[in-house]
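J.: Next input, structure requested:
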Amino acid sequence: MPRKAQIESVAAADSAPGGAAAVDRALSLLAAFRTGDVSLGLAELAARTRLYKSTVLRLLASLEHARLLQRLENGTYGLGSEVARLSTLYAASFSLDRVVLPVLRELVEKTGESAAYHVRQGQARLCLYRVDSPHPIRDHIKAGDLLPLDRGTGGRVLSAFDPAGGKSGSAAGRKLLAGIRERGFYAATGDRLAEVAGISAPVWHADGTLAAAVTLTMPSHRYHERHVKPVLEAARRLSGQV
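T.: Numbering: from 1, shown residues only. Presented below is the predicted three-dimensional model:
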């Protein structure tokens, strides 16, 4: 009988619903590579994926055959030429709006409020994408608008999670940004405009750097804490894809 793993593997802990377990395990080997890794040995691959070394070796044979990984002269494994080919194809076909807009539309559908995607632009923030609430009473920001960085939940989040965030300004301002980093989001009413509430969360690039802020806005009388969860879910879905 096969041995039962004492610790759940990374692939088993985050398996694709209705997917193939072997594919999940193989992909977890590719996902084991992190920024700065040139190559990884068998022991490190097994440790990062929480798979048995014997299982890792079988999966490596398939990944080598597909040129997704390559075995180097020193016995370690690096990414293969097929990864570079796929990366080139992806870069050529990538369209940010095809990634961001469906997530914003789903956020609006779940909450009934307006959703936006803000990026930092110098000492301001740019509303890069916006999907309006179906309600006639809403704020009227549109894609392309420049907004302040020091007011509004989107600006606060971009400031808080910026590498230099919280290192300047008043003591009260630094405390506010520190609290946002601790909670992982910011919700407020009247921070930019009276009677307008917002909820924002950070979106991350695959390398862990800050990409943007997802923001949900609504009249203050329609604000509800239940909207925090879908905003966080939207930010998680976009992170690593932008």
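J.: Spell out which residues make up each domain of the protein.
T.: The chain breaks down into these domains under automatic domain parsing: 10-90, 96-238.
J.: Spell out the residue ranges of the helices in this protein.
T.: 10-13, 21-31, 42-49, 53-65, 81-93, 96-111, 153-161, 171-183, 228-238 (DSSP state H).
J.: Quick one: work out the angle between the third one and helix 53-65.
T.: In this structure, helix 42-49 runs at an angle of 100 degrees to helix 53-65, with axes from the mean of the first three to the mean of the last three Cα atoms, to 10 degrees as the basis.
J.: before we move on, the earlier item: looking at the helices of the chain, which is buried most?
T.: helix 153-161 (a mean of 26; mean count of other Cβ atoms under 10 Å). (C-beta placed from N, C-alpha, C; glycine too.)
J.: Packing partners of it?
T.: strand 114-121, strand 124-131, strand 146-148, helix 171-183, strand 186-189, strand 196-204, strand 210-219 (3 or more Cβ pairs under 8 Å, 6 or more residues apart in numbering; DSSP states H and E).
J.: Compute the first-to-last residue distance for stretch 136-143.
T.: Criterion Cα to Cα, to the nearest Å; first-to-last residue distance in stretch 136-143 is 18 Å.
J.: For that stretch, which outside residues touch it?
T.: 113-114, 116, 127-130, 132, 147, 193, 196, 217-219 (Cβ atoms under 8 Å, 6 or more residues apart in numbering).
J.: who wins for neighbours among those?
T.: When neighbours are taken as other Cβ atoms under 10 Å, the top entry among these is Ala116 (29 neighbours).
J.: Dig out what that one forms beta bridges with.
T.: Arg130, Thr215 (DSSP bridges).
J.: Now for the protein, the helix or strand with the poorest mean pLDDT.
T.: In the chain, the helix or strand scored least confidently by mean pLDDT, DSSP states H and E is helix 81-93, which has a mean of 85.
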